[in-house]
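Participant: Need the 3D shape of this:
(chains A and B)
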Number of protein chains: 2
Amino acid sequence: MEKISENICFGGTQGVYKHTSTSCNCDMTFGLFLPAEAKDGPVPVLWYLSGLTCTHENAMTKAGAQAWAAEQGIALVFPDTSPRGDDVADDEAYDLGKGAGFYLNATEAPWSTHFRMWDYIASELPELLGQNFPLDMDRQAITGHSMGGHGALTLAMSLPGRFKSVSAFAPICNPIASDWGIKQLSAYLGNDRAAWAAHDATVLMGDKGFDGPVLVDVGTDDQFIELLRPEALAAAIADKRQEATIRLQKGYDHSYFFVSTFMEDHITFHAEALYAD
Amino acid sequence: MEKISENICFGGTQGVYKHTSTSCNCDMTFGLFLPAEAKDGPVPVLWYLSGLTCTHENAMTKAGAQAWAAEQGIALVFPDTSPRGDDVADDEAYDLGKGAGFYLNATEAPWSTHFRMWDYIASELPELLGQNFPLDMDRQAITGHSMGGHGALTLAMSLPGRFKSVSAFAPICNPIASDWGIKQLSAYLGNDRAAWAAHDATVLMGDKGFDGPVLVDVGTDDQFIELLRPEALAAAIADKRQEATIRLQKGYDHSYFFVSTFMEDHITFHAEALYAD
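Facilitator: Numbers count the residues shown, from 1 in each chain, chains lettered A, B, ... in the order given. Below is the predicted model of the structure:
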């Protein structure tokens, strides 16, 4: 693992690191914020999964999350959103290929060689983090924005016991029924609709639900709201009697101005779950 | 004036606007955050001047300032750092020409045609803002980072009565004695050292001081600290018996991770002055 940069920030350290990923078969970069408390011992971890077109950097510089993580003594992990490198398959569209890994393991060519973001986030990166940093891997929570909200919800429900709480900002809620989803799922997974369903938060909510609290924020003026389909997830949550808070925030759009506005609420929400016992 | 974008943010509106500047003889873009209180009447204004290489956008997306401005009911103005456009003179170096206006009126060719950032910030933009937005122009304060900290300090001391308070993050404190300064001052103003002195915060502090509180933060690990010369400004402040707080922040560098960490302190500081009477 190679250190790219470390900056002191809100009394802690915002680092950026690079390592060779066996899951993605390429070098991967991630950001990690460690609060001051990490000097004295392992701290809880909040994962932040980013959306389409993003790298590890967007949320790290624009979400204002470190302020609240420092206040709560929680570490923040900012993974990249796809494999990277000259030999990694790509597409001209912003919503397929690099920057659009969709947090799954691709089974179709040309994607299957590198696009294994599910394994990367579910197994490889947590193992690396636990071995190299003062993190309490028994106290993890997860959040994300847009495609990253999709990743947070699907990982949380598919890995019972891993995360104490899950939240999402404007998540892609029901990709099997939306153009942000059908395109990526068919490219990466082919035409096996059962495989698609394993990556649909609304389907997973109906099947499994989540053993912990859920928080979802969506702006009423989100320019992509038709692609996100929060109404499908809201119905599934209500139908499942899932402990959850779903908020439609008046006037807000899909941008980081929306994410940063509600970041304090999300980190406070996760802190309550992470420090509950 | 043309609206480029408006995003709801912390209950207020983060806007970006473009207008034709008579000072700079080109189109100029600026950001303006209006807190929710602006719907009910004029609100106080905090100017944020950015550093070398920046546009109106850097601080607007990376400084986390809207959170605290919203809490205090204060507007934020984010001007650009130089004239822009294909016919505006430039230099290959990052610290001269576009992105490096240095908050002065250039008198030397080829710069004098467009590089009139002093007039733009001191006169033209405040007039435009006062006419078009619900801003209380009798309650203004100013801050900035690096070259923008230089701009904030020199404007505040040279326009007595305009600003209630001034602060700076890692400002260029003494440009007549530093390579960040001598290069720009000689290019833009020629060899008239008296003209240079009018744009040196340390000289102005010795001559005029500031009729109000001053707050300056600098990181002890700022990679440019030799170019900033905070020791010169600190000596001038002490010599002048100027009401001021100068803080050397352990381990922090020159980045926005530093700026965002102390933004709450700076906005609280300005709010106290803006709401004092």
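
Participant: What is the neighbour count of the nearest residue in space to A:His114 that is not next to it in sequence?
Facilitator: Closest residue in space to A:His114, ignoring its immediate chain neighbours: A:Pro83 at 3.8 Å, by C-beta to C-beta, 6 or more residues apart in numbering or on different chains. (Each C-beta comes from the backbone N, C-alpha and C, glycine too.) Neighbour count for A:Pro83, taken as other C-beta atoms under 10 Å in any protein chain shown: 27.

Participant: Would you check how far apart A:Pro83 and A:Leu49 are?
Facilitator: A:Pro83 is 15 Å from A:Leu49, where distance means C-beta to C-beta, to the nearest Å.

Participant: what does A:Glu71 give?
Facilitator: 22 Å.

Participant: Report pLDDT for the residue in the stretch 51-200 of chain A that chain B sits nearest to.
Facilitator: At 4.2 Å from chain B, A:Gly64 is the closest residue in the stretch 51-200 of chain A, using C-beta to the nearest C-beta. For A:Gly64, the pLDDT comes out at 97.

Participant: That one reaches B:Gly64, doesn't it?
Facilitator: Yes: here A:Gly64 reaches B:Gly64: they are 4.2 Å apart, a contact under C-beta atoms under 8 Å.

Participant: returning to that earlier point: who are the neighbours in contact with the residue of the stretch 51-200 of chain A closest to chain B?
Facilitator: A:Ser260, A:Met263, B:Gly64, B:Ala67, B:Ser260 (C-beta atoms under 8 Å, 6 or more residues apart in numbering or on different chains).

Participant: Name the nearest of the residues you listed relative to A:Trp118.
Facilitator: A:Trp118 lies nearest to A:Met263 out of the contacts of A:Gly64, by C-beta to C-beta, at 25.3 Å.

Participant: Assumed the closest one was part of a strand.
Facilitator: No: assessed with DSSP: H, G, I helix; E, B strand; the rest coil, A:Met263 is helix; it does not lie in a strand.

Participant: where do the helices sit along the stretch 51-200 of chain A?
Facilitator: For the stretch 51-200 of chain A, the helices defined by DSSP state H, counting those that start in this stretch occupy A:57-62, A:65-72, A:117-119, A:125-132, A:147-158, A:179-189, A:193-197.

Participant: can those helices go into CSV with extra columns for mean neighbour count?
Facilitator: Supplementary listing: the helices of the stretch 51-200 of chain A in CSV, determined by neighbours: other C-beta atoms under 10 Å in any protein chain shown:
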stretch, mean neighbour count
helix A:57-62, 21
helix A:65-72, 22
helix A:117-119, 21
helix A:125-132, 16
helix A:147-158, 27
helix A:179-189, 20
helix A:193-197, 14
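
Participant: What is the burial count for A:Lys39?
Facilitator: Using other C-beta under 10 Å, A:Lys39 has 11 neighbouring residues.

Participant: repeat for the one 4 residues further on
Facilitator: Residues within reach of A:Val43, counting by other C-beta under 10 Å, total 24.

Participant: Confirm for me that it is in contact with A:Leu135.
Facilitator: Yes: between A:Val43 and A:Leu135 there is a contact under C-beta under 8 Å: 6.5 Å.

Participant: Now do the shared contacts for these two.
Facilitator: What both A:Val43 and A:Leu135 touch, as defined by C-beta under 8 Å, 6+ apart, is the set A:Ala75.

Participant: Show me which residues of chain A sit near chain B.
Facilitator: Residues of chain A lying near chain B by C-beta under 8 Å from any C-beta of the partner chain: A:7-11, A:14, A:61-62, A:64, A:66-67, A:219, A:221, A:251-253, A:255-258, A:260-261, A:264.

Participant: try 6 Å
Facilitator: Residues of chain A found near chain B (C-beta under 6 Å from any C-beta of the partner chain) are A:7-10, A:14, A:61-62, A:64, A:251-253, A:255, A:257, A:261.

Participant: List just the nearest of those residues to B:Asp90.
Facilitator: So of those, ranked by how close each gets to B:Asp90 (C-beta to C-beta), first place is A:Thr61, at 26.1 Å.

Participant: Hmm, A:Thr13 is touching A:Pro35, no?
Facilitator: No: in this structure, A:Thr13 is not within contact of A:Pro35 by C-beta atoms under 6 Å, at 8.6 Å.

Participant: What separation do you get for A:Asp217 and A:Thr143?
Facilitator: A:Asp217 is 10 Å from A:Thr143, by C-beta to C-beta.

Participant: More neighbours: which of the two?
Facilitator: A:Thr143 (33 against 26).

Participant: What's opposite the nearest residue to that one once chain neighbours are set aside in the beta bridge?
Facilitator: Distances taken as C-beta to C-beta, 6+ apart put A:Ser167 closest to A:Thr143, at 4.4 Å, once the chain neighbours are dropped. Beta-bridge pairing of A:Ser167 under DSSP bridges involves A:Leu215.

Participant: picking that back up, quick one: which of the residues of chain A next to chain B sit in helices?
Facilitator: Under the assignment DSSP state H, those contribute A:Thr61, A:Lys62, A:Phe257, A:Thr261 to helices.

Participant: Find the centremost residue of chain A, please.
Facilitator: In chain A, the centroid-proximal residue (C-alpha atoms, centre = their mean) is A:Leu49; its distance is 2.4 Å.

Participant: On the pLDDT front, check A:Asp277 for me.
Facilitator: 75.

Participant: now it: how far from A:Gly212?
Facilitator: For A:Asp277, the distance to A:Gly212 - C-beta to C-beta - is 12 Å.
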